[in-house]
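1. Need coordinates for the following:
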Amino acid sequence: MQFKDQKKLKVKKGWLAVRVGLDDETQQRFMIPISYLYHSLFQKLLDRAHELYGYHTTGPIHLPCSVQDFHHLRWRIENDTAGSDGHNHQSHYLAGSIAFHPC
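-> Alright, predicted model coming up:
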């Protein structure tokens with residue numbers, strides 16, 4: 001499904017649409033739970049997006065990483081959350097170890 005076709009998908013309550021990809025041709029749209037916004041790994045990516053694109057956007061937030069890196073980030077967030085007892089013991093360690101490709 002092309003990114004243009006993916007724009008038509010509705011976002012469920014409690015979820016957020018993001019656009020991921022380093023160039024226009026490889027961008028994909030993902031739905032993520034709002035809880036990701038509070039995870040230190042995702043906050044690092046949001047900070048990078050702010051540096052590159054600013055806060056103003058029309059449509060999904062554009063995240064400056066490859067689709068492959070985004071899949072890896074989601075896997076790490078899910079594993080960090082699943083293994084947590086309500087406290088993010090691993091998140092401080094993980095936040096310093098993830099690297100995103102520059103645009």
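2. wouldn't R76 be in contact with L41 here?
-> Yes. With contact defined as Cβ atoms under 8 Å, R76 reaches L41; the gap is 6.1 Å. Any C-beta I mention is one placed from the backbone N, CA and C, and that applies to glycine too.
3. which of those two has more neighbours?
-> For R76 versus L41, neighbours defined as other Cβ atoms under 10 Å are more numerous around L41 (22 against 18).
4. Can you tell me how far that one is from D80?
-> Noted for L41: a distance of 8 Å to D80, by Cβ to Cβ, to the nearest Å.
5. same check, this time on H56
-> Remark: distance between H56 and D80 (Cβ to Cβ) = 30 Å.
6. Which of these two has more residues huddled nearby?
-> Counted by other Cβ under 10 Å, H56 and D80 do not tie: D80 has more neighbours, with 18 against 5.
7. Surely the more buried one is in contact with Y36?
-> No. Look at D80 against Y36 with Cβ under 8 Å: they stay out of range, at 10.8 Å.
8. what helices or strands is the longest helix seen in the chain leaning on?
-> Longest helix in the chain, counting residues (DSSP state H): helix 67-82. On a contact count with 3 or more Cβ pairs under 8 Å, 6 or more residues apart in numbering; DSSP states H and E, helix 67-82 meets strand 28-33, helix 40-53, helix 91-95.
9. Can you lay out these as CSV showing mean pLDDT and distance to K12?
-> Output for these, formatted as CSV (pLDDT from 0 to 100; distance: least, Cβ to Cβ, whole Å):
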stretch, mean pLDDT, distance to K12
strand 28-33, 94, 7
helix 40-53, 92, 18
helix 91-95, 39, 25
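10. For V67, which of these is the nearest?
-> Nearest of the helices and strands packed on helix 67-82 to V67, taken as Cβ to Cβ: strand 28-33 at 5.4 Å.
11. strands paired with that closest one, and their directions?
-> If you go by DSSP bridges, strand 28-33 pairs up with strand 15-20 (antiparallel).
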